[in-house]
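**Q** For reference, the sequence and a predicted model appear below.
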Amino acid sequence: MLTCRAGRKAGNGAQPDRPARRPMTRLATAGVAAHVFFELGAGVGMPSASVLGPAPAAGLWAVGTATVWRAAGTRPSSSDAAFDVCNGVGLAAVTAHLLGWPRGRRQLGLPWLRECEGLGPELMRFYNPILYVSGGAAIAALARENRSAPRYLPLLTLGLVPVLIVLQHAEHRRLKDLAQRRPGWWNRRLRHGADQPRRGPRR
């Protein structure tokens with residue numbers, strides 16, 4: 001079986017490194033985008049919106065998603081390590097959500113968020129599946145794609161989970177503060193206090 005090395009050129013008599021197909025990496029990338037844009041559309045902001053503002057943050061996420069999506073289908077196997085890192089970070093972000101916010105258990109024993117980042121319980125039936133599709137695709141990509149990447153890379157990225165939990169809560173606090181000082185369509189749910197515990201009817 002012929003193998004190709006990065007940096008070799010066809011003119012040197014070696015077969016050029018061909019683009020690798022990475023459908024699960026692409027699905028995981030789309031899942032991350034669905035996750036953050038769902039938050040924005042629901043009115044709780046999105047990652048980096050508290051620093052950059054909603055429009056620049058959305059533009060940054062859109063460009064980044066499109067770049068990774070395209071590259072996942074066109075870059076050769078010499079880029080496997082970079083995509084393994086992307087998948088590992090995406091899986092770490094999903095894990096941080098499932099461990100860092102109020103949750104219960106479903107029939108299969110899987111964590112199921114009851115509330116996250118101010119979305120409220122009523123949106124969890126949509127939000128949880130988005131997280132699981134993204135995380136499941138990342139796991140499949142780590143297992144079946146980018147095989148020339150070092151196997152320890154996913155383990156290193158999963159070490160980010162505690163850091164991401166802290167960052168998620170810090171971003172949420174900043175977004176809630178902005179919702180009071182600079183209300184807008186993109187933080188309306190935080191302004192209305194949807195992330196606060198809801199009281200039952202008085203007797």
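**A** That came in fine, so what should we check first? Residues are numbered from 1 along each chain as shown.
**Q** Could I get the contacting residues of residue 79?
**A** 20, 71 (C-beta atoms under 8 Å, 6 or more residues apart in numbering). Every C-beta, even on glycine, is put in place using the N, C-alpha and C of the backbone.
**Q** any idea where the strands of the protein begin and end?
**A** All strands of the chain, identified by DSSP state E, fall at 103-105, 111-113.
**Q** Of these, flag the one that's most buried.
**A** With neighbours defined as mean count of other C-beta atoms under 10 Å, the strands of the chain peak in mean count at strand 111-113, which reaches a mean of 18.
**Q** which helices and strands sit right next to that strand?
**A** Using 3 or more C-beta pairs under 8 Å, 6 or more residues apart in numbering; DSSP states H and E, the elements in contact with strand 111-113 are helix 80-100, strand 103-105, helix 124-144.
**Q** Partner strands of that strand, with direction?
**A** Strand 111-113 sits in its sheet next to strand 103-105 (antiparallel), going by DSSP bridges.
**Q** Would you convert the strands of the chain into JSON lines that also reports distance to residue 186 and mean pLDDT?
**A** Below are the strands of the chain laid out as JSON lines (distance: least, C-beta to C-beta, whole Å; pLDDT from 0 to 100):
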{"stretch": "strand 103-105", "distance to residue 186": "26", "mean pLDDT": "91"}
{"stretch": "strand 111-113", "distance to residue 186": "21", "mean pLDDT": "95"}
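**Q** Among those, single out whichever gets nearest to residue 150.
**A** strand 111-113 (28.9 Å; C-beta to C-beta).
**Q** hang on, the earlier thing: reformat the helices and strands packed on strand 111-113 as TSV; add distance to residue 71.
**A** Shown next, in TSV, are those (distance: least, C-beta to C-beta, whole Å):
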stretch	distance to residue 71
helix 80-100	8
strand 103-105	34
helix 124-144	14
